[in-house]
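>>> Kindly return the folded structure for what I paste below:
(one chain, ligands or ions: 1)
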Amino acid sequence: MNAAEQAIIQQAAALDRADTLAPWRQKFALPRKAGGEPLLYFAGHSLGLAPLAALDLVSEELADWSRLAVLGHHTAHRPWIDYHTFATRGLQHLTGAKPCEVVAMNSLTVNLHLMMASFYRPSAERPKILIEAGAFSSDHLAVSSQLAWHGFDPATHLELVAPRPGEDTLRHEDIESTIERLGSSLALVLWPGVQFRTGQAFDCGRIAAAAKRVGATVGFDMGHAIGNLPLALHDWDADFAAWCSYKYLNAGPGAVGGCFVHERHVARRDLPRLAGWWGHEPATRFQMRADFVPSRDAAGWAISNPPVLATAPLIASLELFREADIAKLRDKSLRLTGFLLELLQRHTERGLRIVTPTHADERGCQVSMRVVGGSSRGRRVFDALGDKDVICDWREPDLIRVAPVPFYNSFADVQQFVARLATSLREVP
Ligand SMILES: Cc1ncc(COP(=O)(O)O)c(C=O)c1O
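Below you'll find the predicted structure:
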(Lines give C-alpha, C1' and ligand atoms only; values in the text may rest on other atoms or scores of the structure.)
Protein backbone atom coordinates (compact mmCIF):
# COMPACT_ATOMS: atom_id res chain seq x y z
CA MET A 1 0.00 0.00 0.00
CA ASN A 2 1.41 3.41 -0.91
CA ALA A 3 1.46 6.55 1.23
CA ALA A 4 -1.51 8.13 -0.56
CA GLU A 5 -3.68 5.06 0.11
CA GLN A 6 -2.63 5.04 3.75
CA ALA A 7 -3.53 8.72 4.06
CA ILE A 8 -7.05 8.03 2.74
CA ILE A 9 -7.54 5.19 5.23
CA GLN A 10 -6.53 7.56 8.00
CA GLN A 11 -8.79 10.29 6.66
CA ALA A 12 -11.76 7.88 6.60
CA ALA A 13 -11.00 6.72 10.15
CA ALA A 14 -10.87 10.34 11.37
CA LEU A 15 -14.19 11.12 9.66
CA ASP A 16 -15.77 8.06 11.31
CA ARG A 17 -14.43 9.09 14.75
CA ALA A 18 -15.97 12.54 14.32
CA ASP A 19 -19.30 11.15 13.07
CA THR A 20 -21.97 11.50 15.78
CA LEU A 21 -24.30 9.18 13.83
CA ALA A 22 -21.74 6.34 13.65
CA PRO A 23 -23.30 4.38 16.60
CA TRP A 24 -26.52 3.86 14.58
CA ARG A 25 -24.72 1.23 12.49
CA GLN A 26 -24.92 -1.14 15.49
CA LYS A 27 -28.71 -1.01 15.31
CA PHE A 28 -28.80 -2.74 11.92
CA ALA A 29 -28.15 -6.34 10.88
CA LEU A 30 -25.09 -6.14 8.63
CA PRO A 31 -25.13 -8.85 5.95
CA ARG A 32 -22.35 -11.43 5.89
CA LYS A 33 -21.13 -14.23 3.65
CA ALA A 34 -21.87 -17.87 4.51
CA GLY A 35 -18.51 -18.07 6.29
CA GLY A 36 -19.33 -15.01 8.40
CA GLU A 37 -17.08 -12.52 6.57
CA PRO A 38 -18.68 -9.07 6.28
CA LEU A 39 -19.97 -7.79 2.96
CA LEU A 40 -19.54 -4.21 1.84
CA TYR A 41 -23.17 -3.16 1.48
CA PHE A 42 -23.98 -0.31 -0.89
CA ALA A 43 -27.46 -1.32 -2.05
CA GLY A 44 -29.70 0.63 0.32
CA HIS A 45 -31.26 2.29 -2.73
CA SER A 46 -32.69 -1.13 -3.56
CA LEU A 47 -33.22 -2.87 -0.22
CA GLY A 48 -32.31 -1.24 3.08
CA LEU A 49 -30.76 -3.26 5.89
CA ALA A 50 -32.88 -4.75 8.66
CA PRO A 51 -33.14 -2.62 11.81
CA LEU A 52 -32.75 -4.94 14.81
CA ALA A 53 -35.79 -3.18 16.30
CA ALA A 54 -37.84 -4.33 13.29
CA LEU A 55 -36.95 -7.96 13.98
CA ASP A 56 -38.05 -7.48 17.60
CA LEU A 57 -41.33 -5.83 16.68
CA VAL A 58 -42.28 -8.58 14.23
CA SER A 59 -41.56 -11.14 16.97
CA GLU A 60 -43.73 -9.15 19.36
CA GLU A 61 -46.64 -9.18 16.91
CA LEU A 62 -46.24 -12.92 16.35
CA ALA A 63 -46.22 -13.45 20.12
CA ASP A 64 -49.35 -11.29 20.51
CA TRP A 65 -51.08 -13.26 17.75
CA SER A 66 -50.31 -16.60 19.38
CA ARG A 67 -51.29 -15.31 22.83
CA LEU A 68 -54.35 -13.24 21.99
CA ALA A 69 -55.72 -14.43 18.63
CA VAL A 70 -58.66 -12.26 17.59
CA LEU A 71 -58.57 -10.30 20.84
CA GLY A 72 -55.30 -8.77 19.64
CA HIS A 73 -57.26 -6.40 17.40
CA HIS A 74 -57.99 -4.43 20.58
CA THR A 75 -55.56 -5.73 23.20
CA ALA A 76 -52.22 -6.31 21.43
CA HIS A 77 -49.34 -4.05 22.53
CA ARG A 78 -50.24 -1.99 19.50
CA PRO A 79 -53.90 -2.81 18.80
CA TRP A 80 -54.10 -4.14 15.24
CA ILE A 81 -57.35 -2.34 14.54
CA ASP A 82 -55.46 0.97 14.37
CA TYR A 83 -52.17 -0.46 13.22
CA HIS A 84 -51.54 1.85 10.27
CA THR A 85 -51.88 4.87 12.55
CA PHE A 86 -48.69 3.90 14.40
CA ALA A 87 -46.81 4.89 11.25
CA THR A 88 -48.36 8.34 10.98
CA ARG A 89 -45.94 10.40 13.10
CA GLY A 90 -42.90 8.87 11.44
CA LEU A 91 -44.29 9.37 7.94
CA GLN A 92 -45.12 12.97 8.79
CA HIS A 93 -41.55 13.53 9.88
CA LEU A 94 -40.12 12.12 6.67
CA THR A 95 -42.54 13.63 4.19
CA GLY A 96 -43.14 17.07 5.68
CA ALA A 97 -46.85 16.41 5.98
CA LYS A 98 -49.69 17.07 8.41
CA PRO A 99 -51.03 14.04 10.30
CA CYS A 100 -54.17 13.98 8.13
CA GLU A 101 -52.09 13.80 4.94
CA VAL A 102 -50.25 10.46 5.21
CA VAL A 103 -51.18 6.82 5.38
CA ALA A 104 -49.19 3.57 5.34
CA MET A 105 -50.72 1.06 2.96
CA ASN A 106 -50.14 -1.27 -0.01
CA SER A 107 -47.16 -1.20 -2.36
CA LEU A 108 -45.90 1.60 -4.53
CA THR A 109 -47.51 0.81 -7.90
CA VAL A 110 -50.82 -0.08 -6.27
CA ASN A 111 -50.74 3.27 -4.48
CA LEU A 112 -49.94 5.13 -7.69
CA HIS A 113 -53.02 3.58 -9.26
CA LEU A 114 -55.22 4.41 -6.27
CA MET A 115 -54.01 7.99 -6.31
CA MET A 116 -54.53 8.30 -10.04
CA ALA A 117 -58.04 6.88 -9.69
CA SER A 118 -58.80 10.07 -7.77
CA PHE A 119 -56.36 12.61 -9.19
CA TYR A 120 -56.08 11.72 -12.85
CA ARG A 121 -59.41 13.02 -14.15
CA PRO A 122 -58.84 13.49 -17.87
CA SER A 123 -61.19 15.18 -20.30
CA ALA A 124 -61.09 15.34 -24.11
CA GLU A 125 -59.44 18.77 -23.85
CA ARG A 126 -57.09 17.92 -20.96
CA PRO A 127 -56.07 14.25 -21.25
CA LYS A 128 -52.24 14.19 -21.07
CA ILE A 129 -49.82 12.79 -18.50
CA LEU A 130 -46.19 13.90 -18.25
CA ILE A 131 -43.40 11.71 -16.83
CA GLU A 132 -39.64 11.56 -17.30
CA ALA A 133 -38.14 9.55 -20.18
CA GLY A 134 -36.57 6.39 -18.77
CA ALA A 135 -38.98 6.25 -15.83
CA PHE A 136 -39.09 3.07 -13.75
CA SER A 137 -40.98 0.49 -15.81
CA SER A 138 -43.77 0.11 -13.28
CA ASP A 139 -44.48 3.86 -13.27
CA HIS A 140 -44.49 3.88 -17.06
CA LEU A 141 -46.89 0.95 -17.12
CA ALA A 142 -49.09 2.53 -14.47
CA VAL A 143 -49.56 5.81 -16.35
CA SER A 144 -49.94 4.08 -19.73
CA SER A 145 -52.60 1.79 -18.36
CA GLN A 146 -54.39 4.72 -16.68
CA LEU A 147 -54.50 6.51 -20.04
CA ALA A 148 -55.83 3.38 -21.76
CA TRP A 149 -58.31 2.80 -18.90
CA HIS A 150 -59.79 6.22 -19.69
CA GLY A 151 -59.83 5.50 -23.43
CA PHE A 152 -56.73 7.52 -24.43
CA ASP A 153 -53.86 6.21 -26.51
CA PRO A 154 -50.59 6.26 -24.51
CA ALA A 155 -48.68 6.62 -27.80
CA THR A 156 -50.11 10.10 -28.27
CA HIS A 157 -51.14 11.16 -24.77
CA LEU A 158 -48.17 10.16 -22.65
CA GLU A 159 -45.56 12.92 -22.81
CA LEU A 160 -41.92 12.46 -21.80
CA VAL A 161 -39.12 14.86 -20.92
CA ALA A 162 -35.72 13.51 -21.92
CA PRO A 163 -32.20 14.73 -21.16
CA ARG A 164 -30.63 16.85 -23.89
CA PRO A 165 -28.47 14.98 -26.44
CA GLY A 166 -25.17 14.01 -24.83
CA GLU A 167 -26.51 14.60 -21.31
CA ASP A 168 -27.64 12.01 -18.75
CA THR A 169 -29.77 14.06 -16.42
CA LEU A 170 -32.68 16.41 -16.80
CA ARG A 171 -32.66 20.17 -16.67
CA HIS A 172 -35.36 21.80 -14.61
CA GLU A 173 -35.86 24.45 -17.26
CA ASP A 174 -36.66 21.70 -19.79
CA ILE A 175 -39.24 20.19 -17.44
CA GLU A 176 -40.81 23.61 -16.92
CA SER A 177 -40.86 24.51 -20.60
CA THR A 178 -42.46 21.16 -21.49
CA ILE A 179 -45.17 21.72 -18.89
CA GLU A 180 -45.75 25.21 -20.26
CA ARG A 181 -45.88 23.95 -23.84
CA LEU A 182 -48.43 21.26 -22.98
CA GLY A 183 -50.47 23.86 -21.10
CA SER A 184 -54.17 23.18 -20.95
CA SER A 185 -53.79 19.71 -22.50
CA LEU A 186 -51.90 18.49 -19.43
CA ALA A 187 -53.96 16.68 -16.79
CA LEU A 188 -51.22 15.19 -14.60
CA VAL A 189 -47.50 15.50 -13.93
CA LEU A 190 -46.14 12.39 -12.20
CA TRP A 191 -42.56 12.98 -11.18
CA PRO A 192 -39.94 11.13 -9.13
CA GLY A 193 -38.36 12.82 -6.10
CA VAL A 194 -35.15 11.03 -7.09
CA GLN A 195 -34.70 9.33 -10.47
CA PHE A 196 -34.04 5.63 -9.94
CA ARG A 197 -31.40 5.22 -12.64
CA THR A 198 -29.36 8.41 -12.42
CA GLY A 199 -29.89 9.28 -8.74
CA GLN A 200 -30.82 12.85 -9.77
CA ALA A 201 -32.85 14.62 -7.08
CA PHE A 202 -35.42 17.15 -8.26
CA ASP A 203 -36.70 20.47 -6.96
CA CYS A 204 -40.22 19.16 -6.39
CA GLY A 205 -41.60 22.55 -5.30
CA ARG A 206 -40.50 24.04 -8.59
CA ILE A 207 -42.06 21.21 -10.61
CA ALA A 208 -45.30 21.41 -8.60
CA ALA A 209 -45.49 25.17 -9.17
CA ALA A 210 -45.00 24.73 -12.92
CA ALA A 211 -47.79 22.14 -13.04
CA LYS A 212 -50.09 24.42 -11.05
CA ARG A 213 -49.45 27.31 -13.42
CA VAL A 214 -51.09 25.35 -16.26
CA GLY A 215 -53.86 23.90 -14.09
CA ALA A 216 -52.47 20.35 -14.00
CA THR A 217 -52.49 18.01 -11.03
CA VAL A 218 -49.10 16.97 -9.66
CA GLY A 219 -48.11 13.73 -7.95
CA PHE A 220 -44.72 12.43 -6.88
CA ASP A 221 -43.20 8.97 -6.77
CA MET A 222 -41.06 9.24 -3.66
CA GLY A 223 -39.81 5.63 -3.67
CA HIS A 224 -36.17 6.70 -4.04
CA ALA A 225 -36.54 9.90 -2.05
CA ILE A 226 -38.25 9.01 1.23
CA GLY A 227 -35.75 8.39 4.01
CA ASN A 228 -33.06 9.63 1.62
CA LEU A 229 -33.80 13.38 1.58
CA PRO A 230 -35.99 15.50 3.85
CA LEU A 231 -39.26 16.11 2.01
CA ALA A 232 -41.79 18.94 2.27
CA LEU A 233 -44.79 17.56 0.41
CA HIS A 234 -47.29 19.86 2.10
CA ASP A 235 -45.34 23.05 1.44
CA TRP A 236 -44.44 21.98 -2.08
CA ASP A 237 -48.19 21.78 -2.67
CA ALA A 238 -48.13 18.28 -4.12
CA ASP A 239 -51.60 16.92 -4.76
CA PHE A 240 -50.50 13.41 -3.93
CA ALA A 241 -47.45 11.21 -3.53
CA ALA A 242 -46.74 7.51 -3.13
CA TRP A 243 -43.70 5.52 -2.03
CA CYS A 244 -42.39 2.12 -1.08
CA SER A 245 -40.62 1.43 2.21
CA TYR A 246 -38.06 -1.21 1.34
CA LYS A 247 -35.30 1.13 0.14
CA TYR A 248 -34.05 3.91 2.44
CA LEU A 249 -36.94 3.26 4.85
CA ASN A 250 -35.42 -0.12 5.76
CA ALA A 251 -38.81 -1.74 6.30
CA GLY A 252 -38.00 -5.04 4.57
CA PRO A 253 -38.64 -6.76 1.25
CA GLY A 254 -42.07 -5.89 -0.12
CA ALA A 255 -42.81 -3.77 2.97
CA VAL A 256 -45.95 -1.70 3.19
CA GLY A 257 -45.66 1.58 1.29
CA GLY A 258 -47.57 4.79 1.74
CA CYS A 259 -49.42 7.76 0.31
CA PHE A 260 -49.66 11.48 0.81
CA VAL A 261 -52.84 13.37 -0.05
CA HIS A 262 -52.73 17.12 0.39
CA GLU A 263 -54.88 18.52 3.19
CA ARG A 264 -57.03 20.46 0.73
CA HIS A 265 -58.23 17.17 -0.81
CA VAL A 266 -58.63 14.87 2.18
CA ALA A 267 -62.21 15.74 3.03
CA ARG A 268 -63.41 16.13 -0.55
CA ARG A 269 -66.47 14.07 -1.36
CA ASP A 270 -66.50 15.01 -5.05
CA LEU A 271 -63.37 13.01 -5.87
CA PRO A 272 -64.06 9.51 -7.16
CA ARG A 273 -62.06 6.81 -5.44
CA LEU A 274 -61.73 3.06 -5.34
CA ALA A 275 -63.19 2.36 -1.95
CA GLY A 276 -63.02 -0.38 0.64
CA TRP A 277 -64.07 -0.72 4.25
CA TRP A 278 -60.79 0.54 5.73
CA GLY A 279 -61.24 3.90 4.03
CA HIS A 280 -64.62 4.26 5.71
CA GLU A 281 -64.64 6.58 8.73
CA PRO A 282 -63.62 4.53 11.80
CA ALA A 283 -66.62 5.63 13.92
CA THR A 284 -69.17 3.84 11.72
CA ARG A 285 -66.99 1.31 9.87
CA PHE A 286 -68.32 -1.64 11.79
CA GLN A 287 -71.93 -0.76 11.16
CA MET A 288 -71.13 -2.41 7.82
CA ARG A 289 -73.31 0.00 5.89
CA ALA A 290 -73.47 0.04 2.12
CA ASP A 291 -72.97 3.81 1.90
CA PHE A 292 -69.34 4.93 1.91
CA VAL A 293 -68.39 7.67 4.37
CA PRO A 294 -64.68 8.22 3.77
CA SER A 295 -62.40 8.98 6.63
CA ARG A 296 -61.52 12.70 6.43
CA ASP A 297 -57.80 12.11 5.99
CA ALA A 298 -55.40 10.23 3.71
CA ALA A 299 -56.52 7.02 5.43
CA GLY A 300 -59.77 7.53 3.56
CA TRP A 301 -57.93 6.07 0.56
CA ALA A 302 -57.13 2.83 2.39
CA ILE A 303 -59.04 -0.17 1.14
CA SER A 304 -58.14 -3.20 3.23
CA ASN A 305 -57.25 -3.68 6.87
CA PRO A 306 -53.51 -3.23 7.48
CA PRO A 307 -51.19 -6.25 7.12
CA VAL A 308 -49.74 -6.20 10.63
CA LEU A 309 -46.70 -8.41 10.07
CA ALA A 310 -45.67 -6.42 7.00
CA THR A 311 -46.27 -3.05 8.70
CA ALA A 312 -44.41 -3.85 11.94
CA PRO A 313 -40.90 -3.38 10.45
CA LEU A 314 -42.02 -0.04 9.00
CA ILE A 315 -43.23 1.19 12.39
CA ALA A 316 -39.97 0.13 14.03
CA SER A 317 -37.91 1.75 11.29
CA LEU A 318 -39.84 5.03 11.39
CA GLU A 319 -39.09 5.30 15.11
CA LEU A 320 -35.37 5.14 14.30
CA PHE A 321 -35.75 7.96 11.80
CA ARG A 322 -37.54 10.10 14.37
CA GLU A 323 -34.82 9.47 16.93
CA ALA A 324 -31.92 10.04 14.54
CA ASP A 325 -33.66 12.90 12.67
CA ILE A 326 -33.79 13.01 8.89
CA ALA A 327 -32.06 16.43 8.77
CA LYS A 328 -29.02 15.01 10.59
CA LEU A 329 -29.02 11.91 8.39
CA ARG A 330 -29.09 14.13 5.32
CA ASP A 331 -26.20 16.15 6.65
CA LYS A 332 -24.10 12.98 7.04
CA SER A 333 -25.33 11.69 3.70
CA LEU A 334 -24.00 14.77 1.93
CA ARG A 335 -20.60 14.32 3.58
CA LEU A 336 -20.59 10.59 2.80
CA THR A 337 -21.47 11.00 -0.88
CA GLY A 338 -19.14 14.00 -1.02
CA PHE A 339 -16.30 11.79 0.23
CA LEU A 340 -17.26 9.09 -2.29
CA LEU A 341 -17.28 11.55 -5.19
CA GLU A 342 -13.97 13.04 -4.12
CA LEU A 343 -12.29 9.62 -3.95
CA LEU A 344 -13.84 8.51 -7.22
CA GLN A 345 -12.55 11.61 -8.94
CA ARG A 346 -9.06 11.17 -7.46
CA HIS A 347 -8.65 7.44 -8.05
CA THR A 348 -10.80 6.31 -10.88
CA GLU A 349 -11.11 9.48 -12.93
CA ARG A 350 -9.89 7.92 -16.13
CA GLY A 351 -11.94 4.74 -15.79
CA LEU A 352 -15.35 6.13 -14.91
CA ARG A 353 -17.97 8.73 -15.70
CA ILE A 354 -20.17 9.88 -12.84
CA VAL A 355 -23.76 10.18 -14.04
CA THR A 356 -25.39 11.53 -10.86
CA PRO A 357 -25.25 15.32 -10.57
CA THR A 358 -22.46 16.28 -8.20
CA HIS A 359 -24.19 19.40 -6.85
CA ALA A 360 -25.51 18.70 -3.34
CA ASP A 361 -29.06 19.90 -4.13
CA GLU A 362 -29.35 17.44 -6.97
CA ARG A 363 -28.33 14.19 -5.36
CA GLY A 364 -29.33 11.94 -2.51
CA CYS A 365 -27.42 8.88 -1.27
CA GLN A 366 -27.15 7.22 -4.66
CA VAL A 367 -24.25 7.70 -7.03
CA SER A 368 -24.60 6.16 -10.50
CA MET A 369 -21.55 5.67 -12.67
CA ARG A 370 -20.62 4.39 -16.09
CA VAL A 371 -17.41 2.51 -16.82
CA VAL A 372 -15.36 3.87 -19.69
CA GLY A 373 -14.96 1.25 -22.42
CA GLY A 374 -18.60 0.28 -22.87
CA SER A 375 -21.36 -1.72 -21.32
CA SER A 376 -19.65 -5.11 -21.51
CA ARG A 377 -16.56 -3.84 -19.68
CA GLY A 378 -18.86 -2.12 -17.18
CA ARG A 379 -20.61 -5.39 -16.47
CA ARG A 380 -17.29 -7.17 -15.95
CA VAL A 381 -16.12 -4.46 -13.55
CA PHE A 382 -19.40 -4.84 -11.68
CA ASP A 383 -18.92 -8.62 -11.51
CA ALA A 384 -15.35 -8.09 -10.26
CA LEU A 385 -16.74 -5.91 -7.46
CA GLY A 386 -19.10 -8.74 -6.54
CA ASP A 387 -16.13 -11.10 -6.37
CA LYS A 388 -14.60 -8.64 -3.87
CA ASP A 389 -17.68 -8.86 -1.62
CA VAL A 390 -19.18 -5.54 -2.68
CA ILE A 391 -22.98 -5.51 -2.88
CA CYS A 392 -24.18 -2.76 -5.20
CA ASP A 393 -26.23 -3.05 -8.38
CA TRP A 394 -26.18 -2.96 -12.11
CA ARG A 395 -28.83 -1.22 -14.19
CA GLU A 396 -29.03 -1.99 -17.87
CA PRO A 397 -27.59 -0.95 -20.17
CA ASP A 398 -24.46 0.34 -18.46
CA LEU A 399 -24.83 1.77 -14.96
CA ILE A 400 -23.35 0.75 -11.63
CA ARG A 401 -25.40 2.21 -8.79
CA VAL A 402 -24.06 2.53 -5.26
CA ALA A 403 -25.59 4.17 -2.22
CA PRO A 404 -23.70 4.90 0.97
CA VAL A 405 -26.50 5.13 3.53
CA PRO A 406 -25.86 7.41 6.53
CA PHE A 407 -27.66 5.12 9.00
CA TYR A 408 -25.29 2.21 8.50
CA ASN A 409 -22.47 3.02 6.09
CA SER A 410 -19.20 4.46 7.31
CA PHE A 411 -16.51 6.58 5.70
CA ALA A 412 -14.28 3.49 5.95
CA ASP A 413 -16.86 1.58 3.85
CA VAL A 414 -16.57 4.29 1.21
CA GLN A 415 -12.78 4.14 1.23
CA GLN A 416 -12.85 0.35 0.87
CA PHE A 417 -15.40 0.52 -1.91
CA VAL A 418 -13.29 2.92 -3.96
CA ALA A 419 -10.14 0.84 -3.33
CA ARG A 420 -11.91 -2.32 -4.57
CA LEU A 421 -13.36 -0.45 -7.54
CA ALA A 422 -9.92 0.90 -8.49
CA THR A 423 -8.52 -2.66 -8.35
CA SER A 424 -11.42 -3.98 -10.42
CA LEU A 425 -10.85 -1.29 -13.06
CA ARG A 426 -7.17 -2.26 -13.24
CA GLU A 427 -8.00 -5.97 -13.52
CA VAL A 428 -10.61 -5.70 -16.25
CA PRO A 429 -9.16 -4.80 -19.65
C1 LIG B 1 -39.44 4.22 -8.93
C2 LIG B 1 -40.13 2.92 -8.67
N3 LIG B 1 -41.41 2.78 -9.06
C4 LIG B 1 -42.08 1.61 -8.87
C5 LIG B 1 -41.48 0.55 -8.24
C6 LIG B 1 -42.25 -0.71 -8.04
O7 LIG B 1 -42.59 -0.86 -6.70
P8 LIG B 1 -43.68 -1.92 -6.18
O9 LIG B 1 -43.22 -3.26 -6.63
O10 LIG B 1 -43.61 -1.77 -4.69
O11 LIG B 1 -44.99 -1.54 -6.75
C12 LIG B 1 -40.15 0.65 -7.80
C13 LIG B 1 -39.47 -0.48 -7.14
O14 LIG B 1 -38.30 -0.51 -6.88
C15 LIG B 1 -39.47 1.88 -8.03
O16 LIG B 1 -38.18 2.03 -7.64
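>>> can we go C-alpha only for contacts and neighbour counts from here?
Will do.
>>> so what's the closest residue to Leu231 other than its chain neighbours up against?
Spatial nearest neighbour of Leu231, excluding adjacent residues (C-alpha to C-alpha, 6 or more residues apart in numbering): Thr95 at 4.6 Å. By C-alpha atoms under 8 Å, 6 or more residues apart in numbering, the contact list for Thr95 reads 226, 230-233.
>>> From Cys244, how far out is Thr95?
Counting by C-alpha to C-alpha, to the nearest Å, the gap from Thr95 to Cys244 is 13 Å.
>>> Give me the packing partners of the lengthiest helix in the chain, helices and strands only.
Ranked by residue count under DSSP state H, the longest helix found in the chain is helix 326-348. Counting contacts by 3 or more C-alpha pairs under 8 Å, 6 or more residues apart in numbering; DSSP states H and E, helix 326-348 is packed against helix 411-427.
>>> Val261: neighbouring residues, count only.
29 (other C-alpha atoms under 10 Å).
>>> for Ala283, that is, sorry about that
Ala283: 9 neighbours (other C-alpha under 10 Å).
>>> Check the one 3 residues further on too.
When neighbours are defined as other C-alpha under 10 Å, Phe286 has 11 of them.
>>> what pLDDT does it get?
Looking at Phe286, its pLDDT reads 95.
>>> Return the residues in contact with it.
Applying C-alpha under 8 Å, 6+ apart, no residues qualify as near Phe286.
>>> tell me which parts of this structure are close to the ligand?
Selection of the chain residues close to the ligand by C-alpha under 6 Å from any ligand atom yields 107-109, 136, 138-139, 196, 223, 244.
>>> List only buried entries from those residues.
Taking 16 or more other C-alpha atoms under 10 Å as the criterion, what is buried in the residues of the chain next to the ligand is 107-109, 139, 196, 223, 244.
>>> So which of those is the closest to Pro397?
Nearest to Pro397 out of those is Phe196 (C-alpha to C-alpha; 13.8 Å).
>>> Once you drop chain neighbours, what's closest to the residue in the stretch 251-400 of the chain positioned nearest to the ligand?
Of all residues in the stretch 251-400 of the chain, the one sitting closest to the ligand is Gly254 (6.3 Å; C-alpha to the nearest ligand atom). With sequence-adjacent residues excluded and distances taken as C-alpha to C-alpha, 6+ apart, Gly254 is closest to Tyr246, at 6.3 Å.
>>> how would you label that neighbour: helix, strand or coil?
coil (DSSP: H, G, I helix; E, B strand; the rest coil).
>>> contacting residues for it?
So Tyr246 contacts 46-48, 252-255 (C-alpha under 8 Å, 6+ apart).
>>> For the stretch 251-400 of the chain, which segments count as helices?
263-266, 282-285, 308-324, 326-348, 375-387 (DSSP state H, counting those that start in this stretch).
>>> so which of these comes closest to Ala422?
Closest to Ala422 of the helices of the stretch 251-400 of the chain is helix 326-348 (C-alpha to C-alpha; 6.0 Å).
>>> what inclination does that closest one have with respect to helix 411-427?
30 degrees (axes from the mean of the first three to the mean of the last three C-alpha atoms, to 10 degrees).
>>> buried sites along helix 326-348?
With burial defined by 16+ other C-alpha under 10 Å, the residues of helix 326-348 counted as buried are 326-327, 329-330, 332-341, 343-344, 347-348.
>>> what do you get for stretch 197-211?
Buried, per 16+ other C-alpha under 10 Å, within stretch 197-211: 197-202, 204-211.
>>> Measure how far that stretch is from the centre of its chain, please.
14 Å (C-alpha atoms, centre = their mean, to the nearest Å).
>>> hmm, who's touching that stretch?
So stretch 197-211 is contacted by 168-169, 172, 175-176, 179-180, 188-189, 192-195, 217-218, 225, 235-238, 355-357, 361-368, 395, 399, 401 (C-alpha under 8 Å, 6+ apart).
>>> what about the closest residue to Arg296 other than its chain neighbours, how many neighbours?
Distances taken as C-alpha to C-alpha, 6+ apart place Ala267 nearest to Arg296, at 4.6 Å, with adjacent residues excluded. Look at Ala267: counted by other C-alpha under 10 Å, it has 16 neighbours.
>>> Any figure for the gap between Ala267 and Gly205?
With C-alpha to C-alpha as the criterion, Ala267 and Gly205 are 23 Å apart.
>>> same thing with Gly386?
Per C-alpha to C-alpha, Gly386 is found 39 Å from Gly205.
>>> just the helices in the stretch 101-250 of the chain please.
For the stretch 101-250 of the chain, the helices defined by DSSP H, counting those that start in this stretch cover 108-119, 137-149, 154-157, 172-182, 204-213, 233-236.
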